[in-house]
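Novice: one predicted model, sequence on top.
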Amino acid sequence: MNSESKHRAALKMLFAALLLTSSRSFGQTLSPAQTAPSSAASPVAPSIDPLAPPKPTLNPLTMPTLTAGQLELVKLEGEFCDDVAKRGGAAFASWFAEDGITLQNGKPPVRGRAAIAAGATWDPKDYQLTWYAEGAQMGPGNESGFTWGHYDATTTDKSGHPVVIAGRYITVWKKVAGKWKVALDASADEAPVGAECCVVPKP
């Protein structure tokens, strides 16, 4: 078996392990520093459109150029998502480094795990968010890296109707005493579809 065949075989084994360790492709988490509504609301599951295009996934079977480092970060983020899906805001904050930072549209940075935890008080029954990674990059030395992709946050308004907010995210990871921690988590509004940003309103 040549070196290329060995590399592909290793990637397939790592991908199989990734699927076994996560009940969902990338699970659930919450957008940086985003909190649940002040009043409790019944959980609302996002509707699934059978005609919607499949979500892009990082798959070594169809993308043989993915490195073991990239797949390690995707697996790591899947574990982060699953933990937050079960435990909510407390889990979200627990994944950050002591000097971690969150950034969000129109809001000042939140610096430090203690400050992040103070704002991360949501219950996953009241606030739901799913994401999927569209890219990953491992840094030199395998001591830091980042993943990025799309998220959909679902909650309810005062009338009980579902409200969904879509956006982009990036998670920067670093090793602290040999353990992966979130160094920075940032989100931004989703870009307009097509050329909506450039359409001149009709009179």
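Specialist: Great, that's in hand.
Novice: can you tell me the element V110 falls in?
Specialist: Here V110, judged by DSSP states H and E, is contained in strand 107-111.
Novice: in that strand, what counts as buried?
Specialist: Neighbour-count burial for strand 107-111, with 16 or more other CB atoms under 10 Å as criterion, is recorded at V110. For the C-beta atoms, the positions are set from N, CA and C on the backbone; glycine is no exception.
Novice: mind listing the helices for this protein?
Specialist: Ranges of helices in the chain, per DSSP state H, are 3-21, 68-87, 89-94, 113-119.
Novice: report the buried residues of the second one.
Specialist: Think helix 68-87. 70-78, 80-85.
Novice: what's it packed up against?
Specialist: With contacts taken as 3 or more CB pairs under 8 Å, 6 or more residues apart in numbering; DSSP states H and E, helix 68-87 sits against helix 3-21, helix 89-94, strand 128-138, strand 144-156, strand 162-176.
Novice: including mean neighbour count and distance to T102, could these go into CSV?
Specialist: Formatted as CSV, the helices and strands packed on helix 68-87 follow (neighbours: other CB atoms under 10 Å; distance: least, CB to CB, whole Å):
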stretch, mean neighbour count, distance to T102
helix 3-21, 13, 26
helix 89-94, 21, 9
strand 128-138, 20, 14
strand 144-156, 19, 14
strand 162-176, 17, 10
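Novice: okay, these in CSV with mean pLDDT and distance to A191 next?
Specialist: As requested, those are arranged in CSV below (pLDDT from 0 to 100; distance: least, CB to CB, whole Å):
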stretch, mean pLDDT, distance to A191
helix 3-21, 42, 28
helix 89-94, 93, 25
strand 128-138, 84, 13
strand 144-156, 88, 10
strand 162-176, 93, 8
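Novice: can you say which of the ones you listed is nearest to A114?
Specialist: Nearest of those to A114, taken as CB to CB: helix 89-94 at 8.4 Å.
Novice: which strands and helices lie in contact with that closest one?
Specialist: Short answer (3+ CB pairs under 8 Å, 6+ apart): helix 89-94 packs on helix 68-87, helix 113-119.
Novice: any idea how far L58 is from the residue nearest to G135 when sequence neighbours are not counted?
Specialist: Counting by CB to CB, 6 or more residues apart in numbering, W148 is the residue found nearest to G135 once chain neighbours are left out, at 5.1 Å. Computed as CB to CB, to the nearest Å, the W148 to L58 distance reads 11 Å.
Novice: kindly report the same for R111.
Specialist: Taking CB to CB, one finds R111 at 30 Å from L58.
Novice: could you do K181 as well?
Specialist: 21 Å.
Novice: who's more crowded, those two?
Specialist: L58 (22 against 17; other CB atoms under 10 Å).
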